[in-house]
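Participant: sequence first, predicted coordinates after that:
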Protein chains: 2
Amino acid sequence: MYMPVLELPPVRDLAACCAPITREPISEDSAEKFARSLKALADPARLRIVSMVAAHADAEACVCDLQQPLGLSQPTVSHHLKVLTDAGFLSRSKRGTWAYYTLVPGSLDSIAGLLATV
Amino acid sequence: MYMPVLELPPVRDLAACCAPITREPISEDSAEKFARSLKALADPARLRIVSMVAAHADAEACVCDLQQPLGLSQPTVSHHLKVLTDAGFLSRSKRGTWAYYTLVPGSLDSIAGLLATV
DNA sequence: CCGGAACATCGATGTTTGTCAATATTTATG
DNA sequence: CATAAATATTGACAAACATCGATGTTCCGG
């Protein structure tokens, strides 16, 4: 009594050069999303903004606070703040004529955590 | 290459809107370097490459291994591998006609660690 | 209600980047 | 040495991006 031979899946030619896969790599979709988050951080001005916000008491800063040390125009600073906010790293609250930006708690950590799983 | 505006505006009135600084934000230089590293990772194809390399037995893969699942041309895959290698995330070793890429141990972790200090 | 202050949005511009086709380079093999 | 295979490099091009000046918008004080 013997088992029927199982048909082999249409595997690609593994013979030549490469080691087998030991686990699934991240999906195309996850890569896309993760890349979007990293892109939001991958700019010197934006990294400094995040750092400056974190360096403030209350982890809070307004545009007027950032413009001069960054050496960038006000529209450019606003642009970067929007990118960081859209990506979920900062949140905006307006009080009077000022707009205060604060770090979203855990947002940086979650990126750091994702890096470990890549 | 375009330069940000260099001239510093006259000292602004600090009185008005903002909380004091509790620690020094990262330097312009560190921001520049860190951004370069993040930029190298901030691309869907490159994240998938890193993941695919890590997913291989021996954490090693050759170009031929990556091209088809990525759905990109061979020159494009080589380009991404070069970016990741120059940034210190992958290392290359050639054996015969094949080029094997492996993860540089700790390189991802060090980026994750830097994120915490921003 | 008017002027000014803080910030956002828009439009334009030069730069960087991701991609591919074509070509060069390197290595093994006949 | 000639050929083929795997990879790298080059050149070109369109899309994305960072930046700024000009302009809109919102809010406060007189």
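Facilitator: Everything's here; your move.
Participant: when you work out contacts or count neighbours from here on, use the C-alpha atoms and nothing else.
Facilitator: Fine.
Participant: distance of the residue nearest the centre of chain A relative to DNA strand C?
Facilitator: Of all residues in chain A, the one closest to the mean position by CA atoms, centre = their mean is residue A:37, 2.5 Å from it. Relative to DNA strand C, residue A:37 is positioned 13 Å away (criterion: CA to the nearest atom of the strand, to the nearest Å).
Participant: that residue is in what secondary structure piece?
Facilitator: helix A:28-41 (DSSP states H and E).
Participant: give me phi/psi at the closest residue to the residue nearest to the centre of chain A other than its chain neighbours?
Facilitator: Ranked by CA to CA, 6 or more residues apart in numbering or on different chains and with sequence neighbours excluded, the top spatial neighbour of residue A:37 is residue A:87, at 6.0 Å. Geometry field for residue A:87 lists phi and psi as phi -80, psi -10, criterion degrees, to the nearest 10.
Participant: how long is stretch A:50-70 end to end?
Facilitator: Length of stretch A:50-70, first residue to last, CA to CA, to the nearest Å: 12 Å.
Participant: hmm, it touching DNA strand D?
Facilitator: No. For stretch A:50-70, no contact with DNA strand D is found by CA under 7 Å from any atom of the strand; the gap never falls below 8.9 Å.
Participant: pLDDT averaged over that stretch - what is it?
Facilitator: What stretch A:50-70 shows for mean pLDDT is 90.
Participant: flag the shaky bits of chain A, pLDDT-wise.
Facilitator: By pLDDT under 70, the weakly predicted segments of chain A are A:1-19, A:22, A:57.
Participant: how about a cut-off of 80?
Facilitator: Within chain A, the ranges that satisfy pLDDT under 80 run A:1-23, A:57-59.
Participant: for it, what spans make up the strands?
Facilitator: With DSSP state E as the criterion, chain A has strands at A:60-62, A:90-95, A:98-103.
Participant: with mean neighbour count added, can I get those in CSV?
Facilitator: Supplementary listing: the strands of chain A in CSV, determined by neighbours: other CA atoms under 10 Å in any protein chain shown:
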stretch, mean neighbour count
strand A:60-62, 24
strand A:90-95, 15
strand A:98-103, 20
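Participant: re the thing from before, distance check, the residue nearest to residue A:37 against residue A:115.
Facilitator: As defined by CA to CA, residue A:87 lies at a distance of 17 Å from residue A:115.
Participant: over to residue A:47?
Facilitator: Between residue A:47 and residue A:115 the distance is 17 Å, computed by CA to CA.
Participant: again with residue A:33
Facilitator: In this structure, residue A:33 and residue A:115 are 13 Å apart, going by CA to CA.
Participant: one more: residue A:40?
Facilitator: With the distance defined as CA to CA, residue A:40 ends up 15 Å from residue A:115.
Participant: same question, residue A:41
Facilitator: With distances defined as CA to CA, the gap from residue A:41 to residue A:115 amounts to 14 Å.
Participant: these two: which is more packed in?
Facilitator: The neighbour count for residue A:41 versus residue A:115, taken as other CA atoms under 10 Å in any protein chain shown, is higher for residue A:41 (27 against 17).
Participant: my read: the more buried one touches residue B:37, true?
Facilitator: No. Residue A:41 is beyond contact range of residue B:37, at 10.6 Å (criterion: CA atoms under 8 Å).
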